[in-house]
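*Asks:* sequence-free structure coming up:
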């Protein structure tokens, strides 16, 4: 057992007598330990010495997967270990408890690790996707396969992906009046959507819509859980598409999310009944205290290592370990099955919880399977639900698919993928609740006495676009965001609707008692726990658009918006931006709006500053260069007014800055790449760029001129706050739920008059 003692190597300073051993026995064991350290197992807080190492060795390993604290009562381990030893007649073992502060500090310092494919023809009557209770305990909903999927297959009807919704500068807009910062992640205001957010870059968005942008994707972007040993799907980038709505001819422009079709691919074969798992990234869990024991990637490495040591222990730690797994298979073990079960229960209930310990199999029966086949294989089996279970206890989520709406100015709609009989489920809608809809308000900016930029509470510009996809009531501060597949595309018709809403029935995820709790209670809930259901009010044919009634308040707001909306003259479009009105008409640029991606041609030349004087880009198009301004190559020259100009050649190391640290630049010269030795990419031109007003040491500013810049180092992006979601007077209103459906307990804005 020398290898085990080297795991921690802590030495006893204070000893506690465990239950069932007298003082003389402990004294003899301590003496033996001092004489022969190779036979003494030192394990941080438990040390065992003797000829038979059963039990102590396992407590050693269990402790290796724990997170010790000063508060652990030593009697806990003592009682657990001695009871196990007595019950299973394991003799020749002595335990003592080590609790010195030096040992605890040492233990704390240790690291505890825990392409696109064509659609496959299927029976249209077979549900492909279900939501049901996750196989991960206490994880809420999961999403399950209703049919087999093959590796590389896009998952979903007609390969359609999910939409995403941007919130911009939401912490800034919810800051205190004096500009004091708040954070949704710190629960400074109620925003449970925090747990469903994605970084813009993970959705393929190069430039943020605002200073700080959070993206919320529905469907596969929200429902699947993360289990690092079971990840079987991969999500892709969103596509920017306005469904044909133009800011120059449609009152619906700016009212719909432009981020659509985030597709999902199976990265391995997936059997019907399997739960889908996606990677959140380890940092997602490590940055959230509530998830500090959830296994991450490294946890399974440590857990597999633990299982190997455990398996060898069950064989008596043989000198020759060749074929040791086979010996386990033929049951050549020193402990009987009942003793193994008890021992594993102790390990799993060890006082210190850690990510690695949570990655271990739940039962001793699963341990044997995991040793032979790996933890992942066992977890796969445990993450299955039968199709009978899913049909009875789950909800089908692929009855609808997106398409161009039949409703004018609505953009996209949701269409039936199969015949849906009257009274049956169209789609489930699990909900994230926000208790104060004022969190969606976006303010203009102003400066305080000290020149600090703060929100101007007297000037509301608009609300976040995600509001249009939420349910609410005029007499309540609560709004509800549905995050299931494609339900965001279900549009409104006040008379020709074919579906209605109801609260979910007989579904474990839905907490019906919340409907009778007041808003103060909801404000304390930071997880989703409510669900609506779209129910067919008549037979719906395959291919028919799904419509509901948003209510009179929504209809009146839309009618007023359409009546007041006027076409914008493209030549005056600079006044159409919500946040950019301060810039007015600038630099003789074209007023007409066109997305920057239009100019991202691999072969089209980038216009120089001189060329733009007569043929400018739209005002929303800007250029950012991947240039490291700290690379010290070249000599200073001095421009008028002694502003230093730093000139050098571009090098590949410049790419290391990435997009987030790229800087605004102007192209001042374009060269034919074939006449230059900079052959960095297939683009036919190389560029000389200028980066102005680079702040350096002691606040000094420099201008940098960089030659030989390749096309791949120049990002053509849109000015922040210039997309259609920031249009002045873009329509904003939550969808309505009728009085009979909206809980009376949530009516906290009802007038006392």
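*Replies:* Here it is on my side, so go on. Here the structure is a predicted model, which means the values were calculated and not measured.
*Asks:* drop to CA atoms for contacts and neighbour counts, all remaining ones
*Replies:* Will do.
*Asks:* residue 706 and residue 604, how far apart?
*Replies:* 21 Å (Cα to Cα, to the nearest Å).
*Asks:* of the two, who's got more company?
*Replies:* Using other Cα atoms under 10 Å as the criterion, residue 706 and residue 604 rank with residue 706 on top: 24 against 11.
*Asks:* quick one, what contacts that one?
*Replies:* By Cα atoms under 8 Å, 6 or more residues apart in numbering, the residues touching residue 706 are 647-650, 688-690.
*Asks:* who wins on neighbours among the residues you listed?
*Replies:* residue 689 leads those on contacts (other Cα under 10 Å) with 26 neighbours.
*Asks:* which strands and helices sit next to the longest helix belonging to the chain?
*Replies:* In the chain, ranked by residue count with DSSP state H as the criterion, the top helix is helix 297-314. In terms of contacts (3 or more Cα pairs under 8 Å, 6 or more residues apart in numbering; DSSP states H and E), helix 297-314 is packed against helix 56-64, helix 324-329, helix 355-358, helix 364-373.
*Asks:* where among those helices is average confidence lowest?
*Replies:* Lowest mean pLDDT within the helices and strands packed on helix 297-314: helix 56-64, at a mean of 43.
*Asks:* quick one, helices of the stretch 551-700 of the chain?
*Replies:* With helices called from DSSP state H, counting those that start in this stretch, the stretch 551-700 of the chain shows them at 552-564, 609-612.
*Asks:* check which residues of the last one are buried.
*Replies:* Pointing back at helix 609-612 there. residue 612 (16 or more other Cα atoms under 10 Å).
*Asks:* kindly report the same for the longest one.
*Replies:* Going by neighbour count (16+ other Cα under 10 Å), the buried part of helix 552-564 is 554-555, 558, 561.
*Asks:* what is the distance between stretch 407-415 and the centre of its chain?
*Replies:* 28 Å (Cα atoms, centre = their mean, to the nearest Å).
*Asks:* tell me how far the ends of it are from each other?
*Replies:* OK, stretch 407-415 end separation, Cα to Cα: 12 Å.
*Asks:* check stretch 170-190 too.
*Replies:* So stretch 170-190: terminal residues 12 Å apart, Cα to Cα.
*Asks:* that one: how far from the chain's middle?
*Replies:* Stretch 170-190 sits 21 Å away from the centroid of its parent chain (Cα atoms, centre = their mean).
*Asks:* for stretch 379-388, give me every contacting residue.
*Replies:* 135-136, 144, 146, 229-230, 272-275.
*Asks:* run the last query once more with 6 Å
*Replies:* Stretch 379-388 is contacted from outside by 135, 273-275, using Cα atoms under 6 Å, 6 or more residues apart in numbering.
*Asks:* same question for stretch 548-564.
*Replies:* 492-494, 497, 499-500, 735-736.
*Asks:* try it again with 10 Å
*Replies:* 250-252, 471-474, 490-501, 534-537, 565, 729-739 (Cα atoms under 10 Å, 6 or more residues apart in numbering).
*Asks:* run the chain-centre distance for that stretch.
*Replies:* So, by Cα atoms, centre = their mean, the centroid of stretch 548-564 is 34 Å from its chain's centroid.
*Asks:* can you check stretch 239-254 too?
*Replies:* 28 Å.
*Asks:* same question for it, mean pLDDT?
*Replies:* Mean per-residue pLDDT for stretch 239-254: 92.
*Asks:* and it, end to end?
*Replies:* 16 Å.
*Asks:* list the buried residues of it.
*Replies:* So, applying 16+ other Cα under 10 Å, buried residues of stretch 239-254: 239, 242-243, 245, 247, 250-254.
*Asks:* what do you get for stretch 485-496?
*Replies:* For stretch 485-496, burial by neighbour count (16+ other Cα under 10 Å) applies to 485-492.
*Asks:* what's the first-to-last distance across it?
*Replies:* First-to-last distance for stretch 485-496 - Cα to Cα - comes to 23 Å.
*Asks:* now stretch 275-295
*Replies:* Start-to-end span of stretch 275-295 (Cα to Cα) is 18 Å.
*Asks:* and that stretch, what's buried?
*Replies:* 275-280, 285, 293-295.
*Asks:* check stretch 430-438 too.
*Replies:* Those would be 430-437, for stretch 430-438 by 16+ other Cα under 10 Å.
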